[in-house]
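> Mind folding the following:
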Amino acid sequence: MIRTTAVPRPVRVGTALLGVAGIVTLAGCSGGTTDAAAPAPAASSAPSTSAADGGSSSSGTYTDGTYEATGQYATPESVETVDVTLTLAGDTVTDVTVTGDPQAAESRRYQGEFIGGIKDEVVGKKLDEISVSKVAGSSLTSGGFMKAVDAIKSQAQA
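Okay, here's the model as predicted:
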């Protein structure tokens, strides 16, 4: 048991205030980004196939075709990437391929589980309805996948 009476009350209050001020100062330094060390995901290519005049607008209509993008996510050990290829027809995902490049053994396991289960989660869904947070036990890989999906959405809106 810690005896707080051994330290005078003004010292305890001052220490508590100093701690709160330090937390507030550090929170202000965050700048609103979650991972300053990792660069933003890059869209790797334009559509490789597309239908004739699929038409698009800012209301969420996407051009049919196959799109590719890379998404990054941080693990406790490293920054990992996943390459995502989506095929769209009528704003619906008709096929998905995910390729990982794991840097750590644990990432290899989780990316493998994610890749094995992602098709069931997204094929047949509208592109705007895709929102995965955990697939086959892998939650961090989902973050990289969703970053790639966001890049694909930008590519598909002509």
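
> so what's Tyr110 up against?
Contact analysis of Tyr110 by C-beta atoms under 8 Å, 6 or more residues apart in numbering lists 137-138, 140-141. Every C-beta, even on glycine, is put in place using the N, C-alpha and C of the backbone.

> How about Glu106?
Listed by C-beta under 8 Å, 6+ apart, the contact set of Glu106 reads 75, 77.

> pLDDT on the host helix or strand of it, on average?
Element membership for Glu106 (DSSP states H and E) is helix 105-122. For helix 105-122, the mean pLDDT works out to 91.

> CA atoms of it as PDB?
Extracted in PDB, the C-alpha atoms of helix 105-122 (Å, rounded to 0.1, in the frame of the first residue of the first chain):
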ATOM      1  CA  ALA A 105       6.200 -14.500 -39.900                       C
ATOM      2  CA  GLU A 106       3.000 -13.500 -38.100                       C
ATOM      3  CA  SER A 107       2.000 -11.300 -40.900                       C
ATOM      4  CA  ARG A 108       2.400 -14.200 -43.300                       C
ATOM      5  CA  ARG A 109      -0.100 -16.200 -41.300                       C
ATOM      6  CA  TYR A 110      -2.600 -13.400 -41.000                       C
ATOM      7  CA  GLN A 111      -2.400 -12.300 -44.600                       C
ATOM      8  CA  GLY A 112      -2.900 -15.900 -45.700                       C
ATOM      9  CA  GLU A 113      -6.000 -16.300 -43.600                       C
ATOM     10  CA  PHE A 114      -7.300 -12.900 -44.900                       C
ATOM     11  CA  ILE A 115      -6.600 -13.900 -48.500                       C
ATOM     12  CA  GLY A 116      -8.400 -17.200 -48.000                       C
ATOM     13  CA  GLY A 117     -11.600 -15.500 -46.600                       C
ATOM     14  CA  ILE A 118     -11.900 -12.200 -48.400                       C
ATOM     15  CA  LYS A 119     -13.700 -13.400 -51.500                       C
ATOM     16  CA  ASP A 120     -16.700 -14.600 -49.500                       C
ATOM     17  CA  GLU A 121     -16.900 -11.100 -47.800                       C
ATOM     18  CA  VAL A 122     -16.900  -8.900 -50.900                       C
END
